[in-house]
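Enquirer: Need the 3D shape of this:
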Amino acid sequence: MEVIFSESAKAEARHAASHYEDEVEGLGKTFLAYVEGSIDEIERFPLASRVIGKDFRRFLVPRFPYGIIYRVSQDMIFIAAIMHLKRRPFYWKEE
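Expert: Numbers count the residues shown, from 1 in each chain. Below is the predicted model of the structure:
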């Protein structure tokens, strides 16, 4: 199944990784590794995550306060956001 990222999801991941890297050397890379592992898990079990909207699901990234918001179609997984869980809910729907 093809995985496609919104531009804002890519930017969110880069921003978060940069922030973590500024805090502790290597933590940004660790964050990205957990995000990649989470996406692998989503690819294996795309319908296993909690439904949070009409067509969207949320996968919680282990060890970090982030969720991956995605939508599944027949042959594609669309990553809409990689969001910090303390941000206002559903902000990503406005983008």
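
Enquirer: before we move on, which element is residue 34 in?
Expert: helix 27-44 (DSSP states H and E).

Enquirer: Quick check: closest non-adjacent residue to the residue nearest the centre of the chain.
Expert: Residue closest to the mean C-alpha point of the chain, counted by C-alpha atoms, centre = their mean, is residue 68 at 2.5 Å. Excluding the flanking residues, the one nearest residue 68 by C-beta to C-beta, 6 or more residues apart in numbering is residue 59, at 4.5 Å. C-betas here are computed from N, CA, C, even on glycine.

Enquirer: Quick one: residues contacting the residue nearest to residue 49 when sequence neighbours are not counted.
Expert: Excluding the flanking residues, the one nearest residue 49 by C-beta to C-beta, 6+ apart is residue 57, at 4.1 Å. By C-beta atoms under 8 Å, 6 or more residues apart in numbering, the contact list for residue 57 reads 46, 47, 49, 50, 51, 69, 70, 71, 72.

Enquirer: With respect to residue 83, which of these is nearest?
Expert: Taking C-beta to C-beta as the measure, residue 83 lies nearest residue 69 of the contacts of residue 57, at 6.1 Å.
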